[in-house]
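S.K.: sequence-free structure coming up:
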């Protein structure tokens with residue numbers, strides 16, 4: 001919010017104070033033409049019926065009209081790969097005509113001429129593109145596809161030629177970390193903003209993601225140590241009385257609607273059982289606000305010796321009301337030991 005100009009900052013502050021759902025994300029589908037090793041949502045078509053059904057264009061558009069009346073202004077369209085929804089063009093055109101400020105999140109490999117023409121006619125505020133490598137070989141290792149980089153590169157240039165703003169987003173895992181300099185240079189050479197992360201989370205939504213096989217353990221540990229040290233040096237400790245959702249940027253003013261019609265405040269969490277299919281948008285939003293306020297930390301987090309430096313959120317300890325997984329407990333032990341060592345060193 002601090003990066004917004006004064007007008008938009010006041011708008012978002014008012015939305016937060018009044019619990020207005022000003023920002024939304026529509027996850028159109030779990031389908032994707034890539035099979036990225038760290039994906040938390042991707043399902044094969046034959047898997048989809050096990051978890052629900054994809055909403056039709058009519059259902060998405062009916063929902064959008066209700067969301068607009070409730071105050072939604074900014075809307076992100078994502079997936080899976082959203083362009084694989086069979087009615088994507090209808091959905092996009094109608095949403096644009098409703099007046100939303102639209103963002104499209106895509107892997108950019110399916111930006112055909114007809115899609116580019118659609119985006120030129122109804123331009124988004126921005127297209128966020130997941131860039132996972134700078135060579136076809138790396139895309140094969142990360143996403144399991146041939147000629148992946150070439151197709152993504154073509155899509156990026158197509159958007160740039162159309163004058164559509166592009167932002168690149170990279171998640172680093174073991175298979176693409178060594179190419180980080182080349183990816184960074186690609187963004188620099190094209191004059192495109194670029195965000196990267198090494199943080200990945202296990203999937204609680206059906207996707208077959210083996211976090212332990214792909215995460216950058218040494219880099220994550222170093223990042224944890226750096227973050228803890230900065231908090232100690234600056235005396236900027238976390239407020240241990242705050243509840244999980246208060247750390248989320250969508251708290252009290254944003255939401256996700258997942259591909260099966262479930263409303264949540266975070267795409268990484270298990271389903272909330274709040275559906276927009278059997279109640280109005282406003283009713284679902286009201287239930288989501290209650291869900292956020294009632295969600296609390298596990299007792300293990302509340303009594304943790306490193307609670308004041310552990311940069312956790314609701315998704316990092318999901319499922320919140322069950323036992324933490326063994327790998328999560330290992331991470332907890334590492335943070336506790338690191339914090340204890342730093343405190344001893346500074347005394």
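M.R.: Yep, it's here. Treat the numbers as computed from the prediction; the structure is a model and nothing was measured.
S.K.: what about the strands in the stretch 201-347 of the chain?
M.R.: 254-257, 263-264 (DSSP state E, counting those that start in this stretch).
S.K.: next, format those as JSON lines and append mean pLDDT and mean neighbour count.
M.R.: The way it works is simple: take the backbone N, C-alpha and C, and place the C-beta from them, glycine included. Formatted as JSON lines, the strands of the stretch 201-347 of the chain follow (pLDDT from 0 to 100; neighbours: other Cβ atoms under 10 Å):
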{"stretch": "strand 254-257", "mean pLDDT": "97", "mean neighbour count": "24"}
{"stretch": "strand 263-264", "mean pLDDT": "94", "mean neighbour count": "24"}
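S.K.: including distance to residue 209, could those strands go into JSON lines?
M.R.: Formatted as JSON lines, those follow (distance: least, Cβ to Cβ, whole Å):
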{"stretch": "strand 254-257", "distance to residue 209": "18"}
{"stretch": "strand 263-264", "distance to residue 209": "18"}
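S.K.: what's the longest helix in the protein?
M.R.: helix 326-346 (DSSP state H).
S.K.: need the contact partners of it.
M.R.: 202, 211-212, 221, 224-225, 228-229, 232, 300, 304-306, 309-310, 316-317, 324 (Cβ atoms under 8 Å, 6 or more residues apart in numbering).
S.K.: again, only using 7 Å
M.R.: For helix 326-346, the external contacting residues (Cβ atoms under 7 Å, 6 or more residues apart in numbering) are 212, 221, 224-225, 228-229, 232, 304-306, 309-310, 317.
S.K.: residues touching residue 148, list them.
M.R.: 109, 136, 139-140.
S.K.: of those residues, which belong to helices?
M.R.: Using DSSP H, these in helices are 136, 139-140.
S.K.: now rank these by neighbours and give me the top one.
M.R.: Sorting those by how many neighbours each has (other Cβ atoms under 10 Å) puts residue 139 first, at 27 neighbours.
S.K.: show me what contacts that residue?
M.R.: 132-133, 145, 148-149.
S.K.: the contacts of residue 148 into CSV, with extra columns for pLDDT and distance to residue 163?
M.R.: Formatted as CSV, the contacts of residue 148 follow (pLDDT from 0 to 100; distance: Cβ to Cβ, whole Å):
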residue, pLDDT, distance to residue 163
109, 98, 21
136, 98, 27
139, 98, 26
140, 98, 32
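S.K.: nearest the geometric middle of the protein, what residue?
M.R.: In the chain, the residue lying closest to the centroid (Cα atoms, centre = their mean) is residue 267, at 6.2 Å.
S.K.: show me the helices in the stretch 1-150 of the chain, by range?
M.R.: Taking DSSP state H, counting those that start in this stretch as the criterion, the stretch 1-150 of the chain carries its helices at 6-18, 48-51, 57-70, 88-98, 113-121, 136-143, 148-161.
S.K.: kindly reformat these as a markdown table containing distance to residue 278.
M.R.: Formatted as a markdown table, the helices of the stretch 1-150 of the chain follow (distance: least, Cβ to Cβ, whole Å):
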| stretch | distance to residue 278 |
| --- | --- |
| helix 6-18 | 26 |
| helix 48-51 | 17 |
| helix 57-70 | 12 |
| helix 88-98 | 21 |
| helix 113-121 | 32 |
| helix 136-143 | 36 |
| helix 148-161 | 37 |
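S.K.: of the ones you listed, which is nearest residue 249?
M.R.: Relative to residue 249, the nearest member of those by Cβ to Cβ is helix 6-18, separated by 10.1 Å.
S.K.: quick revisit: and the furthest pair within the contacts of helix 326-346?
M.R.: For these, the farthest-apart pair by Cβ to Cβ is 212 and 232; their separation is 28.9 Å.
S.K.: and the helices in the stretch 201-347 of the chain, which stretches?
M.R.: 211-214, 217-234, 281-294, 299-302, 326-346.
S.K.: so can I have a markdown table of the ones you listed showing distance to residue 6?
M.R.: Output for those, formatted as a markdown table (distance: least, Cβ to Cβ, whole Å):
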| stretch | distance to residue 6 |
| --- | --- |
| helix 211-214 | 41 |
| helix 217-234 | 27 |
| helix 281-294 | 27 |
| helix 299-302 | 37 |
| helix 326-346 | 38 |
